[in-house]
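Peer 1: structure for this input, please:
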Amino acid sequence: MITHTSPLAGPRSLPRPFWMLWLGIVVNRAGAMVQPFLSVYLTRVQGFGIGETGAVMAAFGVGSVLSHVVAGRLADRFGRRVTLTGGMLATSASMVLMGAATGFAFVAVTAFLLGLTIESYRPASQAMVADLVPPSVRPRAYGLLFWGVNLGYAVAMVAGGWFADHGATAMFGVNAAVAVAFAVLVWRAVPESRPTEPVGGAWRSVLRDPVMLAFSVVTTAYGALYAQAFTTLPLAMAGQGISGTHFGLVMALNGVLIVAVQPLAGRRLSRLDPNRVLAAGTAVVATGFALTAFVHDAGGLAVTVVVWTAGEIAVAGSIPTIVSLLAPPTLQGTYAGVSGMSWSVGAVLAPVLGSLLLPSGPGPLWGGVGVVGMTAAFGAVALGGPVRRRAAFL
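Peer 2: This is a model prediction of the structure:
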């Protein structure tokens with residue numbers, strides 16, 4: 001069993017188990033085509049109306065929010081490798097069940113189960129990186145995981161689009177197969193990394209940690225900011241007369257920039273204080289969305305996407321790095337799960353915020369979204385001192 005890596009550990013290279021984990025995440029995300037096309041499947045194949053589709057997606061969302069805290073706790077209790085492998089096998093089974101399900105009630109139940117399992121790898125993998133990689137290298141490692149997710153996602157979007165048009169049910173089988181492949185790769189190539197110390201009072205530890213609770217609020221606010229890209233932004237741009245085709249092409253810039261820029265940027269950003277990187281990145285994301293108030297065509301939208309994507313790249317490695325610094329070695333999974341749940345709660349709040357502000361016009365809408373983001377950025381600055389003091393004890 002691998003014990004917790006000393007923060008004074010030698011070279012700035014990343015260990016082989018990390019790269020096996022990274023490879024597994026890329027493979028898994030390359031086949032993760034069900035989630036982005038789930039609503040299409042529900043309407044085209046299952047024949048559900050808007051209300052039924054929304055209810056099923058809500059069931060999936062509830063399961064996804066819960067999955068972070070459940071998987072995070074399991075990763076600390078039973079081990080990172082066991083949780084990740086078991087979670088992916090459960091995801092595969094849920095995929096098969098949902099692909100075979102008919103009728104609203106059965107589909108809704110399987111959607112909840114799928115949501116509960118599909119994100120289970122995130123807190124387990126985040127905790128595993130904290131175990132394997134010294135603090136000085138974690139921003140780069142977490143940034144590379146973010147890059148791998150987006151690299152795989154680009155493949156999944158192309159493949160999923162084809163399956164959505166030519167055989168939507170088959171995509172459940174493909175997604176199930178890659179989940180099993182991820183599980184097998186981790187089980188065979190990534191050793192268990194959980195510290196051997198006993199784990200107890202996990203939830204009490206989090207609830208009694210004011211710095212982590214405050215950071216969770218910052219994470220929630222950032223989630224509510226960033227998720228506007230996939231909730232309110234499409235509606236607002238349609239209102240500006242930007243076609244769906246042009247909107248999709250512009251939004252593709254986000255993935256292209258991440259794949260092209262993140263590895264180089266991540267290496268440079270890893271040398272900086274993660275709280276300051278988070279604050280600066282969040283402020284850039286907030287600025288990008290605030291500038292959307294002045295967008296009238298696809299060209300203007302492209303400029304704003306470039307701006308907030310630059311901020312997103314900075315934020316990607318900083319949030320999990322800060323969580324890993326705040327968490328005790330034996331509770332890395334629990335803290336990662338709470339952080340993931342906080343982001344998911346923000347994503348749930350995003351359409352609520354957007355729907356409240358959208359009728360007021362572009363200025364109040366994107367100005368309000370920008371204020372939320374700047375508040376999160378100031379929160380990250382305020383927490384810099386406490387986080388640095390906690391990190392000094394590692």
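
Peer 1: what stretches of the protein score poorly on pLDDT?
Peer 2: Under the criterion pLDDT under 70, the flagged ranges of the chain are 1-12, 160-161, 164-168, 196-200, 393-394.

Peer 1: nearest residue to the middle of it?
Peer 2: Within the chain, the residue whose C-alpha comes closest to the C-alpha centroid is Gly340; the distance, by Cα atoms, centre = their mean, is 7.2 Å.

Peer 1: so what's that one closest to, chain neighbours aside?
Peer 2: Using Cβ to Cβ, 6 or more residues apart in numbering and skipping the chain neighbours, the partner closest in space to Gly340 is His68 (3.4 Å). For every residue, glycine as well, the C-beta is placed using N, CA and C.

Peer 1: work out for me the element the one you found sits within.
Peer 2: helix 50-78 (DSSP states H and E).

Peer 1: got the buried residues for that helix?
Peer 2: Of the residues in helix 50-78, those scored as buried under the neighbour-count criterion (16 or more other Cβ atoms under 10 Å) are 52-53, 55-57, 59-78.

Peer 1: next helix or strand past that helix?
Peer 2: Beyond helix 50-78 on the C-terminal side, the first helix or strand identified by DSSP H and E is helix 80-100.

Peer 1: next, the angle helix 50-78 makes with that following helix.
Peer 2: For helix 80-100 against helix 50-78, the angle between stretch directions is 160 degrees (axes from the mean of the first three to the mean of the last three Cα atoms, to 10 degrees).

Peer 1: neighbours around Gly299, how many?
Peer 2: Under the neighbour criterion other Cβ atoms under 10 Å, Gly299 is assigned a count of 10.

Peer 1: that one sits in which helix or strand?
Peer 2: Following DSSP H and E, the helix or strand that holds Gly299 is helix 298-326.

Peer 1: elements contacting that helix?
Peer 2: Helix 298-326 is packed against helix 121-132, helix 138-166, helix 210-226, helix 244-269, helix 274-290, helix 332-357, helix 384-391, with contacts defined by 3 or more Cβ pairs under 8 Å, 6 or more residues apart in numbering; DSSP states H and E.

Peer 1: for that helix, the distance to its chain's centre please.
Peer 2: Taking Cα atoms, centre = their mean, to the nearest Å, one finds the center of helix 298-326 at 12 Å from the center of the full chain.

Peer 1: mind listing what's buried along it?
Peer 2: Of the residues in helix 298-326, those scored as buried under the neighbour-count criterion (16+ other Cβ under 10 Å) are 298, 300-302, 304-305, 307-326.

Peer 1: what sits against the residue nearest to Asn254 when sequence neighbours are not counted?
Peer 2: In this structure, Asn254 finds its nearest non-sequential neighbour in Thr309, 4.9 Å apart by Cβ to Cβ, 6+ apart. Neighbouring residues of Thr309 by Cβ atoms under 8 Å, 6 or more residues apart in numbering: 253-254, 257-258, 288.

Peer 1: now, of the residues you listed, which are buried?
Peer 2: Buried members of the contacts of Thr309, scored by 16+ other Cβ under 10 Å, are 254, 257-258, 288.

Peer 1: distance to Val137 added to these, as a markdown table?
Peer 2: What follows is these, written out as a markdown table (distance: Cβ to Cβ, whole Å):
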| residue | distance to Val137 |
| --- | --- |
| Asn254 | 26 |
| Leu257 | 24 |
| Ile258 | 20 |
| Gly288 | 28 |
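
Peer 1: which one of the residues you listed is nearest Pro274?
Peer 2: Closest approach between the buried ones among the contacts of Thr309 and Pro274, by Cβ to Cβ: Ile258, at 18.7 Å.

Peer 1: which residues touch that closest one?
Peer 2: 146-147, 150, 309, 312-313 are the contacts of Ile258 under Cβ under 8 Å, 6+ apart.

Peer 1: with distance to Gly373 added, can I get those residues in a markdown table?
Peer 2: A markdown table is the format used below for the contacts of Ile258 (distance: Cβ to Cβ, whole Å):
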| residue | distance to Gly373 |
| --- | --- |
| Phe146 | 19 |
| Trp147 | 23 |
| Asn150 | 21 |
| Thr309 | 14 |
| Glu312 | 11 |
| Ile313 | 15 |
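
Peer 1: closest to Val348 out of these?
Peer 2: Among these, Glu312 lies closest to Val348 (Cβ to Cβ), at 19.1 Å.
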